[in-house]
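Asks: Fold the following for me, if possible:
(one chain, ligands or ions: 1)
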Amino acid sequence: MSLFPKDFLWGGATAANQYEGAYKEAGKGLSVQDVTPKGGLPEPGNTSPLITEEPTADNLKLQGIDFYHRYKEDIALFAQMGFKVYRTSIAWTRIFPNGDEEEPNQAGLEFYDNLFDELAKYGIEPLVTLSHYETPLHLARKYNGWASRDLIAFYERYVRTVFERYKDKVKYWLTFNEVNSVLHAPFMSGGITSPVEDLSKQDLYQAVHHELVASALATKVGHQINPDFKIGCMVLAMPAYPMTPKPEDVLAARQFENQNYLFSDLHARGRYPAYIRRFFKENQIEIQFAPGDEDLLAQHTVDFISFSYYMSVVQAHNPEAYSSGQGNVLGGLQNPYLPSSEWGWQIDPIGLRLVLNAFYDRYQLPLFIVENGLGAKDVLVEGPDGPTVEDDYRIDYLKQHLLQVAQALEDGVEVWGYTSWGCIDLVSASTAQMSKRYGFIYVDRNDDGSGSLNRYKKKSFGWYQKVIETNGQSLYED
Ligand code: BG6
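Replies: Below you'll find the model as predicted:
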């Protein structure tokens, strides 16, 4: 008997800037992604990512996988897999090209109308991220992104516009993708142009405050527009293990996790937790509250917690004594007990069960796993039905993680759904490569930009289709 509830929302996840392409079509403005051809993380040996003045031809995100023109074909494939839910983001710059205009761009609004209508044709529920690493470049350059309080009002105008427009088409919303990543990737995540080495902790945590207030405001406005909306936060979840049982290492792991809990605590409980007040005091950080901020945070908490989960990390009180791991934005030390992906991300299915339990114990709110998956190099081969990829490694990764979701359900955790990341191959956020593939659907595009953009089903396509069809029962059979 499958442990997954009958109405479990199975699906896939994407983000506009990584797959839509058409980066300046139909009135779209530039976002921070259009000027980061190497991805959003610091270049090796540097503290900031490479940012160009103008978009450059080597930036794969400009064309993405051309979803903008091929969305009907792609959604038909998602429907064939049996998706119940589909996560994508609205590109803020399609709606407000610069971010600070008074009036929205109608052509941008129409594109998402068409997209949501197409999903509705197949009964697929949209799950929409309002801001997925896509701050308008103009807001980054003119205001220094979320370091400025001005962004709250621009974001409010944008979210009000899309909530009004899609109030009968979209029910599930996420306010900011991986909201905690702004501490580690301030340009990609928060459109903050100051070089990382010049950013003080004060500036960074003030930017965090602005995003958190904006998120609470979005929750308030959304519920006013449609009380049935389910509005969640989205955090990058990364459990931290102590390197040894030494209490100092356990404390280091706890403190690392607190840096992330800060975000879900504020979203779910609506106030700054005690542990962060101490951190602020010790680092001479004084958050500037505007009148009304405190009430907004307290009164407009989220309906559910969503998160991405790719890997766990290890922390120690003396990290210099160990080799550091590679990984998803936040960093940490290498775990000797875990295998790694080709990009050094350590694979830890049990970590997902731990995260689910930890969030649920802490908040007793419904959870949604909105990203999980394996970035790997795929090889296209000729199969009986045409080109395909024998991606057993991906199937194994997803299966092991889903079995842990089942364990968490058995533990009593409430999980609304699971959207596997990059259900169709898209451009990587951290490295801007095409060769870091996550999808069930292979897209013929290479790191040098060549390729036909044709879509081919990988072996995992049929595998996931069966998982959904059997509501998880097949996980126990193959
Ligand atoms: C998450 C992001 O950090 O991880 C996605 O929300 C991203 O945008 C995903 O694509 C996987 O990371 P990457 O760098 O492999 O694309």
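
Asks: now the residue sitting nearest the centre point of the chain, nearest residue through space, not along the chain?
Replies: With distances taken as C-alpha atoms, centre = their mean, Asn177 lies nearest the centre of the chain, 4.4 Å away. Using C-beta to C-beta, 6 or more residues apart in numbering and skipping residues adjacent in sequence, the residue nearest Asn177 is His132, 4.0 Å away. From N, CA and C alone the C-beta is placed, and that goes for glycine too.

Asks: what residues are up against that neighbour?
Replies: Contacts for His132 (C-beta atoms under 8 Å, 6 or more residues apart in numbering) come out as 15-17, 89, 177.

Asks: Next one: it from the ligand, what distance?
Replies: Separation of His132 from the ligand (C-beta to the nearest ligand atom, to the nearest Å): 6 Å.

Asks: circling back to that earlier point, among the contacts of His132, which are in strands?
Replies: Residues of the contacts of His132 located in strands (DSSP state E): Ser89.

Asks: what would the contacts of His132 look like in CSV with pLDDT?
Replies: Shown next, in CSV, are these (pLDDT from 0 to 100):
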residue, pLDDT
Ala15, 98
Ala16, 98
Asn17, 98
Ser89, 98
Asn177, 98
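
Asks: where are the low-confidence patches of the stretch 251-400 of the chain?
Replies: Judged by pLDDT under 70, the stretch 251-400 of the chain has its weakly predicted residues at 327-329.

Asks: Quick one: neighbours of the residue of it found nearest the ligand, just the number.
Replies: Residue nearest to the ligand within the stretch 251-400 of the chain: Gly375 (4.3 Å; C-beta to the nearest ligand atom). Residues within reach of Gly375, counting by other C-beta atoms under 10 Å, total 23.

Asks: Likewise for Gly11?
Replies: Look at Gly11: counted by other C-beta under 10 Å, it has 24 neighbours.

Asks: So it: helix, strand or coil?
Replies: Using DSSP: H, G, I helix; E, B strand; the rest coil, the structure places Gly11 in strand.

Asks: Who are the contact partners of the closest residue to it other than its chain neighbours?
Replies: Distance criterion C-beta to C-beta, 6+ apart; nearest residue to Gly11, sequence neighbours excluded, is Val85 at 3.8 Å. Val85 sits next to 9-11, 124-127, 172, 417, 419 when contact means C-beta under 8 Å, 6+ apart.

Asks: Filter these down to just the ones in strands.
Replies: 9-11, 125-127, 172, 417, 419.

Asks: ok, Lys38 touching Ser430?
Replies: No - the criterion here is C-beta atoms under 8 Å, and Lys38 misses it with Ser430 at 9.5 Å.

Asks: Look at those two and report which has more neighbours.
Replies: Neighbour comparison, Lys38 and Ser430: the larger count goes to Ser430, with 21 against 17 (by other C-beta under 10 Å).

Asks: Surely the more buried one forms part of a helix?
Replies: No - assigned with three-state DSSP, Ser430 falls outside any helix and is coil.

Asks: My understanding was that Leu77 contacts Ile441; is that so?
Replies: Yes - contact criterion C-beta under 8 Å: Leu77 and Ile441 qualify, at 5.7 Å.

Asks: overlap in contacts of these two?
Replies: Residues touching both Leu77 and Ile441 (C-beta under 8 Å, 6+ apart): 424, 455, 457, 461.

Asks: measure the first one to the ligand for me?
Replies: Between Ile424 and the ligand the distance, using C-beta to the nearest ligand atom, works out to 12 Å.

Asks: next one: the second one
Replies: Relative to the ligand, Arg455 is positioned 19 Å away (criterion: C-beta to the nearest ligand atom).

Asks: ranges for the strands of the stretch 51-200 of the chain?
Replies: 85-89, 125-129, 172-174 (DSSP state E, counting those that start in this stretch).

Asks: Now tabulate those strands in a markdown table and tack on distance to Glu197.
Replies: Shown next, in a markdown table, are these (distance: least, C-beta to C-beta, whole Å):
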| stretch | distance to Glu197 |
| --- | --- |
| strand 85-89 | 30 |
| strand 125-129 | 30 |
| strand 172-174 | 31 |
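
Asks: Using JSON lines, lay out the ones you listed together with distance to the ligand.
Replies: Converted to JSON lines, the strands of the stretch 51-200 of the chain look like this (distance: least, C-beta to the nearest ligand atom, whole Å):
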{"stretch": "strand 85-89", "distance to the ligand": "9"}
{"stretch": "strand 125-129", "distance to the ligand": "9"}
{"stretch": "strand 172-174", "distance to the ligand": "10"}
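
Asks: possible to save the ones in strands among the contacts of Val85 as TSV with distance to His138 and pLDDT?
Replies: Output for the ones in strands among the contacts of Val85, formatted as TSV (distance: C-beta to C-beta, whole Å; pLDDT from 0 to 100):
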residue	distance to His138	pLDDT
Leu9	35	98
Trp10	38	98
Gly11	33	98
Glu125	33	98
Pro126	27	98
Leu127	28	99
Tyr172	29	99
Gly417	35	98
Thr419	30	99
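
Asks: from these, which would you call buried?
Replies: The neighbour count (16 or more other C-beta atoms under 10 Å) marks 9-11, 125-127, 172, 417, 419 as buried among the ones in strands among the contacts of Val85.

Asks: In this protein, mark out all the helices, start to finish.
Replies: Shown for the chain, the helices assigned by DSSP state H span residues 16-19, 67-81, 92-95, 106-121, 137-143, 150-165, 186-190, 201-225, 247-269, 274-282, 293-299, 349-363, 392-411, 459-469.

Asks: Who are the packing partners of the first one?
Replies: Helix 16-19 sits against strand 85-89, with contacts defined as 3 or more C-beta pairs under 8 Å, 6 or more residues apart in numbering; DSSP states H and E.

Asks: Look at Gly451 and say how many residues are nearby.
Replies: Gly451 has 13 neighbouring residues, counting by other C-beta under 10 Å.

Asks: Leaving out the residues flanking it, which one is nearest to it?
Replies: Sequence neighbours aside, Arg445 is the residue nearest to Gly451 in space, at 3.8 Å (criterion: C-beta to C-beta, 6+ apart).

Asks: same check, this time on Ile152
Replies: Ala214 is the one closest to Ile152 (C-beta to C-beta, 6+ apart), at 4.7 Å.

Asks: State the number of residues packed around the one you found.
Replies: For Ala214, using other C-beta under 10 Å, the count is 25.
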